[in-house]
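Q: need coordinates for the following:
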Amino acid sequence: MKILTKPRYTFSDYFDLPYSSQEILSELGYQYQSAPLDLPKTPTLGIDALRERLQDDLKYSPLVNEGIRREALIYPIIIHACKQTQTLLNTEYPIQVSDQLSGIVDYYLKGTHTLLIIEAKQADLTRGFTQLATEMIGFSQWANLPQLYGAVTTGNIWIFGILNQTTITEDTQIYTLFDDLTTILEILTGILR
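A: Prediction:
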């Protein structure tokens, strides 16, 4: 069954498709699986101060839309990991591989490993992961990388994934912002360091 019927797809178009990650990735020549991941972790400094700042900021900035979540929750966490690892943060990074793999990557970080992070539109992590997976495929082909890491987040919830050759694995572990902030940052710095 052919599910990709339009002549051109951007990464964000995959979010809107009514098909599973497995079906979409199969159409692109990749396999999808969900399994526990053993993600790299590195101890990180300054987590208590960041946690305090995030909690304090939320008192004055209700999370009413995606822009606020990006600025109040996602960016501070990513930039904290960048400072810890001396990694440059690239935002809204354009990729053009083919008519089926093109668009804008929300956050691209290159340390020891490459990491792509996207914000899940409409707080839909399932479709957000499908979009992330297509971005990982496109970026892998564009940069000729056989392996890279990814994360999809609402700001409050984080899910990690890895592309290894032609298989994308979605971690079965879900991390929440305040309960797992230390682990989220240890994973981000572990991937980048």
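Q: what's the pLDDT at Gln86?
A: pLDDT, Gln86: 96.
Q: where's it relative to Ala151, distance?
A: In this view, Gln86 and Ala151 are 20 Å apart by Cβ to Cβ, to the nearest Å. For every residue, glycine as well, the C-beta is placed using N, CA and C.
Q: comparing those two, which residue is more hemmed in?
A: Ala151 (26 against 9; other Cβ atoms under 10 Å).
Q: how much space between that one and Lys2?
A: 30 Å.
Q: same check, this time on Val105
A: Counting by Cβ to Cβ, the gap from Val105 to Lys2 is 26 Å.
Q: tell me which of those two has more neighbours.
A: Neighbour count, other Cβ under 10 Å: between Val105 and Lys2, Val105 has more, with 22 against 5.
Q: need phi/psi at that one.
A: The phi/psi pair for Val105 (degrees, to the nearest 10) reads phi -90, psi 130.
Q: quick one: contacts for it?
A: Residues near Val105 by Cβ atoms under 8 Å, 6 or more residues apart in numbering: Phe11, Asn90, Glu92, Tyr93, Pro94, Ile95, Leu116, Ile118, Glu135, Phe139.
Q: repeat that for 7 Å
A: By Cβ atoms under 7 Å, 6 or more residues apart in numbering, the contact set of Val105 is Tyr93, Ile95, Leu116, Glu135, Phe139.
Q: next: Gly138.
A: Residues near Gly138 by Cβ under 7 Å, 6+ apart: Phe11, Ile95, Val97, Leu101, Ser102.
Q: buried ones among the residues you listed?
A: Taking 16 or more other Cβ atoms under 10 Å as the criterion, what is buried in those is Phe11, Ile95, Leu101, Ser102.
Q: quick check, nearest of these to Thr182?
A: Using Cβ to Cβ, Phe11 comes nearest to Thr182 of those, at 30.3 Å.
Q: of all the residues in the helix or strand hosting Tyr14, which ones are buried?
A: Under the criterion of DSSP states H and E, Tyr14 resides in helix 11-16. Buried residues in helix 11-16, counted by 16+ other Cβ under 10 Å: Phe11, Asp13, Tyr14, Phe15.
Q: list the contacts of the lowest-mean-pLDDT helix or strand in the chain.
A: Within the chain, no helix or strand scores below helix 66-69, which has a mean of 82 by mean pLDDT, DSSP states H and E. With contacts defined as Cβ under 7 Å, 6+ apart, helix 66-69 is touched by Ser61, Leu63, Glu119, Lys121, Thr154, Gly155.
Q: ok, the third one touching Ile74?
A: Yes - contact between Glu119 and Ile74 holds when scored by Cβ atoms under 7 Å: they sit 5.9 Å apart.
Q: quickly list what's touching both of these two.
A: Jointly contacting Glu119 and Ile74 under the rule Cβ under 7 Å, 6+ apart are Thr153.
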